[in-house]
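kindly return the folded structure for what I paste below:
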Amino acid sequence: MRQGPMGVALVGAGAISAQYLENLTRMPDLEVLAVADLDRERAAARAAEYGVPTGAAVEEVLADPDVELVVNLTIPAAHMEVALAALRAGKHVWSEKPFAVDRAGSRAVLAEAESLGLRAAGAPDTFLGDAVQTARRLVEEGRIGEPLTALTLFQAAGPEAWHPNPEFFYAPGGGPLFDIGPYYLTSLVQLLGPVARVAASASTARPTRVIASGPRAGTEFPVHVATHLGALIEFENGTSAQSTFSFQSPQRRVGFFEVGGSDATLVLADPNGFDGELAIITREGREVVETHAAVGRGHGVLELARAIRAGRPERASGELAAHVVDIMASIDEAAVGGGFVDVASSASPGPVLPPGWNPLAATLLDSPS
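Predicted coordinates:
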């Protein structure tokens, strides 16, 4: 087994790659070797921007023996294909959310990883930030009594207001459910456990959208997914949650997330972030708990690399990401068919990160010569 910092390459040089590179290049346990993209010039420019040695074609990255872990930042429709190619090239893989656009894609990636003895893990990793980790500790310490319910809300006008190429947000694997849902649903699973069944309703405000910013402003494009979903979620342990995911409201409400217990309510920070203010609300008053994150996106890649080196399970596992895909697919089906839809998969949350877990520490030392 290899030792020392893990060799990493990014596939996909789009907007999200900047956030990953800003953080991954600061982590001593990772060595970012390359950025790859179908557009090699874009890959080279992104690599140069962050001091990464190589901007490459995807096939070059997959053939590089020093690359052990591929960070898959392609559009959702390509997540399964790129993950499978990376695995077949002998690489572990981390995929941006969603893990796949459907259950079959998730199962295919997990089966391939298992057959090859490799790891397939996936975003979001925001739950590894101080906010959700602290929230888990508070719940497990009994600070709200017995957890019973949760309420989450995300509503906004839609990403075409700010993204220069927003079509993929409205294609299969997108929409408010598959784009935003993973943050909320993954955090709910962390706090309340795996989901047993769901019910839902949905609507689509209009059949087309118009790009509002960037060089393609004014371009109209079709909508292929529901743009508002309201879900009732029942967990295996008998708790429940109500969640709204919407891209059709000019009244912006994002980051609303609370868990109700028998003794108190826990109000969380936006699950699309790594830190922020938590609050425990009782009949007697409101206690504020501040949380802070040393780094942002990339926690999951690092935790995966450390888990591989240590021979232990990773926390942002493929099983967890696939369970969230199953939940979202079930919400979609429930919205179309009515009634409850059972969620066949399950995934138990991993242990809370230990106190003092530091993404900027050097913990993977080279083996002695």
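
just checking, Ala212 touches Trp162?
Yes - Ala212 is within contact range of Trp162, at 7.5 Å (criterion: CB atoms under 8 Å). (C-beta placed from N, C-alpha, C; glycine too.)

more neighbours: the two, which one.
Set Ala212 next to Trp162 and count neighbours by other CB atoms under 10 Å: Ala212 wins out with 18 against 13.

could you list every residue that touches the more buried one?
The contact partners of Ala212, taken as CB atoms under 8 Å, 6 or more residues apart in numbering, are 160-162.

which helix or strand contains it?
Counting by DSSP states H and E, Ala212 is held by no secondary-structure element, helix or strand.

state the pLDDT value of it.
If you check Ala212, the pLDDT there is 94.

do the same with Pro368
The score at Pro368 is 36. That number is its pLDDT.

follow-up on the earlier one: would you format the contacts of Ala212 as JSON lines with pLDDT included?
Output for these, formatted as JSON lines (pLDDT from 0 to 100):
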{"residue": "Glu160", "pLDDT": "95"}
{"residue": "Ala161", "pLDDT": "92"}
{"residue": "Trp162", "pLDDT": "90"}
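
which ones among the residues you listed lie within helices?
Secondary structure defined by DSSP state H assigns none of the contacts of Ala212 to helices.

would you point out which residue is most central in the chain?
In the chain, the C-alpha nearest the mean C-alpha coordinate belongs to Pro124, at 1.5 Å (CA atoms, centre = their mean).

need the phi and psi values for it.
With angles defined as degrees, to the nearest 10, Pro124 shows backbone torsions of phi -80, psi 150.

give me every residue that touches it.
Contacts here follow CB under 8 Å, 6+ apart; on that basis Pro124 touches 97, 182-183, 186, 271-272, 300, 316.

how far away is it from Gly339?
The gap separating Pro124 from Gly339 is 29 Å, by CB to CB, to the nearest Å.

next: Gln19.
The spacing between Gln19 and Gly339, counted by CB to CB, is 39 Å.

Provide the backbone phi and psi angles at Ala120.
With angles defined as degrees, to the nearest 10, Ala120 shows backbone torsions of phi -130, psi 110.

likewise Ile331?
In this entry, Ile331 is assigned phi and psi values of phi -60, psi -50 (degrees, to the nearest 10).
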